[in-house]
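1. Turn this into a structure:
(one chain, ligands or ions: 1)
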Amino acid sequence: MSFHSKLAGAAAAIALLTGAASAETVLIQAGTLLAVPGKAPLSQQTLVVTDGKVGAVKAGYLDAAGAGAPAGSRVIDLRDSFVLPGLIDCHVHLTGELGPRSQLAEVQDDPEETVLDGVAYAHRTLMAGFTTVRDLGAPARTGFALRDAINKGEVQGPTILAAGMMVSITAGHGDVNGFSEEVTHALRPESLCNGADDCRRAVREQIRKGADVIKLATTGGVLSNIAAGTGQQMFDDEAKAIVDTAHLMGKKVASHAHAAGGINLALRSGVDSVEHGSYLDAEGIKLLKEKGAYLVPTLLAGYTVVGMAKASTTLTPAQAQKALEVGERMKSSFGNAVKQGVKVAFGTDSGVSHHGENAYEFKLMVEAGMPASDAIKSATVNAADLLDRGTRIGTLEAGKDADIIAVAKSPLEDVTELRRVRFVMRQGTVHKEAGTPVAFIPKT
Ligand SMILES: [Zn+2]
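-> You can find the predicted model right below:
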């Protein structure tokens, strides 16, 4: 590490600790720059970053001493790198990670332990090049607390849009299952609802606590420890009440949905995204296009649970059975959706898989038939649009947040390159410098 980059690191650390936006100008010299995913990358460009924002994008390498560079500018040399906007994951669970302890953690861990796990996972996620995530389910207020600490600069992590707790029916994907009756009742989440009025209440509770977005489950889930299948579990009036209440209060809605009945119910009710979409049928594809809703495929979750069902005892028999059924379908439904031209936003369901391995999703998307350029667009331009952040993130243009990452080689040629992110800047602060080891190796 050079003296200059050490200084830069120290400045970044101080800026992080004080929460102060640095007023200095940073010139990022990019060997190749994919400023707007979906368009062609350009070689030998300079990003001018001031106050956490992209001020300008200039052709050629702008030098600190050169014409047009503000006095005192600092140069970050990424002339040997491929530079692109920070990645966005629209479906994570930052405060947990599936493992042999998962079920016990529900009764043994207090929110204090959970939120500290979230601090570690948020850091891994940022180091992997994900500068914004949407957290679609975390216990109590843990997701909101983590989001707020990152916004204050107290914790290093991605920008978070948090849903809080998932709105679900009794015995549904958001219920606590597999415990004694006494324990089940003690743990019963307030985000459970039955009937339209009760579902309006459940949405309002999450918004009162600080939800940026509402998550609901119209079908059963693989990882709920109940042998109730992955079919439709909510009635029309319940789903409609949830979506309308959220939209009335200006919040977007994401629905967990595996079975076609639940996918189509969610879309008829007006959700903004369908998560998983495992048994997507012709009606679902028609509705996705008609409504302009996004599919968030989470292929990595399917891949992970199939592996667990086959090779470990992490999943209970009720979970393993569902995992084997759903995992493969997720991939073929996604391939079909791509062929039909459905809008796709990137999402991994990380927390099922290890945090920090989010970019493995790109490989699965490409294997299922999506071109690498479209997969990258799904994790930048499209994800920003779904999150209603299109004016701030998703591309590197004047006025956008300086959420910038770099890899060694072109991910348009080999999308797995995105698993080896070597440089991360979020809102103008460098969190990972070129030269830092790239691989995160989980312990389990
Ligand atoms: Zn999820």
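
2. quick one, what contacts residue 409?
-> 82, 417 (CB atoms under 8 Å, 6 or more residues apart in numbering). C-beta: built from backbone N, CA, C; applies to glycine.

3. Once you drop chain neighbours, what's closest to residue 188?
-> Distance criterion CB to CB, 6 or more residues apart in numbering; nearest residue to residue 188, sequence neighbours excluded, is residue 176 at 6.7 Å.

4. Just give me the neighbour total for the one you found.
-> Neighbouring residues of residue 176 were enumerated by other CB atoms under 10 Å; the total is 19.

5. wait, doesn't it sit right on residue 184?
-> Yes. Checked against CB atoms under 8 Å, the pair residue 176 and residue 184 is within contact range at 5.6 Å.

6. returning to that earlier point: give the contact list for the residue nearest to residue 188.
-> 106, 183, 184, 187, 188, 189.

7. pLDDT wise, what is it at?
-> Residue 176 is assigned a pLDDT of 86 by the prediction.

8. 802 is where my numbering starts, stick with that
-> Done: numbering now begins at 802, and the last item shifts to residue 977.

9. Helix or strand for it, just tell me which one.
-> Counting by DSSP states H and E, no helix or strand carries residue 977.

10. Relative to residue 1012, how far out is it?
-> For residue 977, the distance to residue 1012 equals 20 Å [CB to CB, to the nearest Å].

11. How about residue 837?
-> 31 Å.

12. quick one, which of the two is more surrounded?
-> Higher neighbour count among residue 837 and residue 1012: residue 1012, with 24 against 19, using other CB under 10 Å.

13. So that one belongs to a helix, correct?
-> No. The assignment for residue 1012, made by DSSP: H, G, I helix; E, B strand; the rest coil, is coil rather than a helix.

14. Grab the nearest non-local neighbour of it.
-> residue 965 (4.5 Å).

15. per-residue confidence for that neighbour?
-> Confidence score, pLDDT, at residue 965: 97.

16. got it, and residue 1244?
-> Value for residue 1244, per-residue pLDDT: 48.

17. What residues sit buried inside the longest strand anywhere in the chain?
-> Scanning the chain for the longest strand, with DSSP state E as the assignment, gives strand 875-886. Within strand 875-886, the residues that count as buried by 16 or more other CB atoms under 10 Å are 875, 876, 877, 878, 879, 880, 882, 883, 884, 885, 886.

18. residue contacts, residue 854?
-> Residue 854 touches 1200, 1201, 1202, 1203, 1229, counting by CB under 8 Å, 6+ apart.

19. is it in a bridge, and if so with what?
-> Per DSSP bridges, the residues bridged to residue 854 are residue 851, residue 1202.

20. hmm, back to that, now the buried residues of strand 875-886 in a markdown table, with pLDDT?
-> Output for those, formatted as a markdown table (pLDDT from 0 to 100):
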| residue | pLDDT |
| --- | --- |
| 875 | 91 |
| 876 | 94 |
| 877 | 95 |
| 878 | 95 |
| 879 | 97 |
| 880 | 96 |
| 882 | 97 |
| 883 | 98 |
| 884 | 98 |
| 885 | 98 |
| 886 | 98 |
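
21. avg pLDDT for stretch 898-905?
-> Mean predicted lDDT for stretch 898-905 stands at 87.

22. Quick one: the strands in the stretch 902-1051 of the chain, in order.
-> For the stretch 902-1051 of the chain, strands defined by DSSP state E, counting those that start in this stretch occupy the ranges 931-936, 960-963, 1014-1018.

23. what packs against the longest one?
-> Meaning strand 931-936. For strand 931-936, the packing partners by 3 or more CB pairs under 8 Å, 6 or more residues apart in numbering; DSSP states H and E come out as strand 888-893, helix 943-952, strand 960-963.

24. How about the shortest one?
-> With contacts taken as 3+ CB pairs under 8 Å, 6+ apart, strand 960-963 sits against strand 931-936, helix 943-952.

25. now those in JSON lines, with distance to residue 1220?
-> Formatted as JSON lines, the helices and strands packed on strand 960-963 follow (distance: least, CB to CB, whole Å):
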{"stretch": "strand 931-936", "distance to residue 1220": "12"}
{"stretch": "helix 943-952", "distance to residue 1220": "23"}
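
26. Looking at the ones you listed, spot the one closest to residue 1172.
-> Of all the helices and strands packed on strand 960-963, strand 931-936 sits nearest to residue 1172, with 21.0 Å by CB to CB.

27. Let me know how buried the closest residue to residue 1013 other than its chain neighbours is, in neighbour terms.
-> In this structure, residue 1013 finds its nearest non-sequential neighbour in residue 962, 4.2 Å apart by CB to CB, 6+ apart. Neighbours of residue 962 under the rule other CB under 10 Å: 23.

28. quick one, domains of this protein?
-> For the chain, automatic domain parsing gives the domain ranges 804-886+1196-1233, 888-1187.

29. How far off centre is the first one?
-> Relative to its parent chain, domain 804-886+1196-1233 has a centroid offset of 22 Å by CA atoms, centre = their mean, to the nearest Å.

30. Dump the strands of the stretch 902-1051 of the chain to TSV, plus distance to residue 1174.
-> Formatted as TSV, those follow (distance: least, CB to CB, whole Å):
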stretch	distance to residue 1174
strand 931-936	19
strand 960-963	24
strand 1014-1018	27
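
31. Tell me, please, where in the stretch 902-1051 of the chain the pLDDT is lower than the cut-off.
-> By pLDDT under 70, the weakly predicted segments of the stretch 902-1051 of the chain are 1025-1029.

32. list the buried ones in stretch 850-859?
-> 850, 851, 853, 854, 855, 856, 858, 859.

33. ok, back up a step: ok, the residue nearest to residue 1012 - how many residues close by?
-> Neighbour tally, residue 965, other CB under 10 Å: 27.

34. Need the CA coordinates for the helix or strand residue 1134 falls within. PDB is fine.
-> Using DSSP H and E, residue 1134 sits in helix 1118-1140. Provided in PDB are the C-alpha atoms of helix 1118-1140 (Å, rounded to 0.1, in the frame of the first residue of the first chain):
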ATOM      1  CA  PRO A1118     -37.700 -32.500   7.000                       C
ATOM      2  CA  ALA A1119     -40.600 -30.100   6.400                       C
ATOM      3  CA  GLN A1120     -38.100 -27.500   4.900                       C
ATOM      4  CA  ALA A1121     -36.000 -30.000   2.900                       C
ATOM      5  CA  GLN A1122     -39.100 -31.400   1.200                       C
ATOM      6  CA  LYS A1123     -40.100 -28.000   0.000                       C
ATOM      7  CA  ALA A1124     -36.600 -26.900  -0.900                       C
ATOM      8  CA  LEU A1125     -36.100 -29.800  -3.400                       C
ATOM      9  CA  GLU A1126     -39.500 -29.000  -5.000                       C
ATOM     10  CA  VAL A1127     -39.000 -25.300  -5.400                       C
ATOM     11  CA  GLY A1128     -35.200 -24.900  -6.100                       C
ATOM     12  CA  GLU A1129     -35.200 -26.200  -9.700                       C
ATOM     13  CA  ARG A1130     -38.500 -24.600 -10.600                       C
ATOM     14  CA  MET A1131     -37.200 -21.200  -9.600                       C
ATOM     15  CA  LYS A1132     -34.500 -21.400 -12.200                       C
ATOM     16  CA  SER A1133     -36.700 -22.600 -15.100                       C
ATOM     17  CA  SER A1134     -39.400 -20.000 -14.300                       C
ATOM     18  CA  PHE A1135     -36.800 -17.300 -14.400                       C
ATOM     19  CA  GLY A1136     -35.400 -18.500 -17.700                       C
ATOM     20  CA  ASN A1137     -38.900 -18.400 -19.100                       C
ATOM     21  CA  ALA A1138     -39.500 -14.900 -17.700                       C
ATOM     22  CA  VAL A1139     -36.300 -13.600 -19.300                       C
ATOM     23  CA  LYS A1140     -37.400 -15.000 -22.700                       C
END
